[in-house]
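*Asks:* show me the folded form of this:
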Amino acid sequence: MSTLVAGCGLGEALNPSPTVTLTVISSDWTGWSKDQPAPESASESVTKGSEFTRDGVGGELTFTVKSVDDEELTLRTSQPMSERSETGGIDLTTNQKSFTVAVGDTLEITTPTMDGGTTYAITYEE
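*Replies:* From the prediction side, this is the model:
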């Protein structure tokens, strides 16, 4: 006779989280200069629980993959970031650290300041 223990993760063992590819473009910016640094692009292979970091204005930002499937991915950042609106605006008072991006789409988040920061464009590759 076998016994299953509730919460032991058997569902995850039978249906493991897929490994997917993200393209991350980091763009530092400053409000004081017309010329801006060149963006840096890199690819990341991630699965649920993966972490990766990027340097940016003001320090390092850690991204943690909270969930991933064939349709979307949810990331958590180590500090609040602001999603860019369709008009390019940002929320300077945000406390948001959780973001979702659909397969084939790009999530654009930025440092919630007006002085200088970093914008991250994260694409969940198909």
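
*Asks:* show me the contacts for the residue nearest the centre of the chain.
*Replies:* Per CA atoms, centre = their mean, the C-alpha nearest to the average position across the chain is that of residue 75, at 4.7 Å. By CB atoms under 8 Å, 6 or more residues apart in numbering, the contact set of residue 75 is 63-66, 98-101, 107, 122. Backbone N, C-alpha and C define where each C-beta goes, glycine included.

*Asks:* test of understanding: give the bridge partners of it.
*Replies:* residue 65, residue 99 (DSSP bridges).

*Asks:* remind me which residues of the protein are low pLDDT?
*Replies:* Within the chain, the set of residues satisfying pLDDT under 70 comprises 1-15.

*Asks:* what about the strands in it?
*Replies:* For the chain, the strands defined by DSSP state E occupy 20-30, 40-46, 51-56, 59-68, 72-77, 82-83, 98-102, 106-110, 116-124.

*Asks:* how many neighbours does residue 89 have?
*Replies:* Using other CB atoms under 10 Å, residue 89 is surrounded by 10 other residues.

*Asks:* can you report phi and psi for it?
*Replies:* Main-chain torsions, residue 89, degrees, to the nearest 10: phi -70, psi 160.

*Asks:* begin at 22 from now on, thanks
*Replies:* Okay, using 22 as the starting number, the last item reads as residue 110.

*Asks:* residue 130 versus that one, what's the distance?
*Replies:* 13 Å (CB to CB, to the nearest Å).

*Asks:* quick one on the thing from earlier: who wins for most neighbours among the contacts of residue 96?
*Replies:* Neighbour max across these (other CB under 10 Å) = residue 84, 23 neighbours.

*Asks:* ok, the residue lying closest to residue 98 once chain neighbours are set aside - contacts?
*Replies:* Leaving out its chain neighbours, the residue that sits closest to residue 98 by CB to CB, 6 or more residues apart in numbering is residue 118, at 5.0 Å. Residue 118 makes contact with 97-102, according to CB under 8 Å, 6+ apart.
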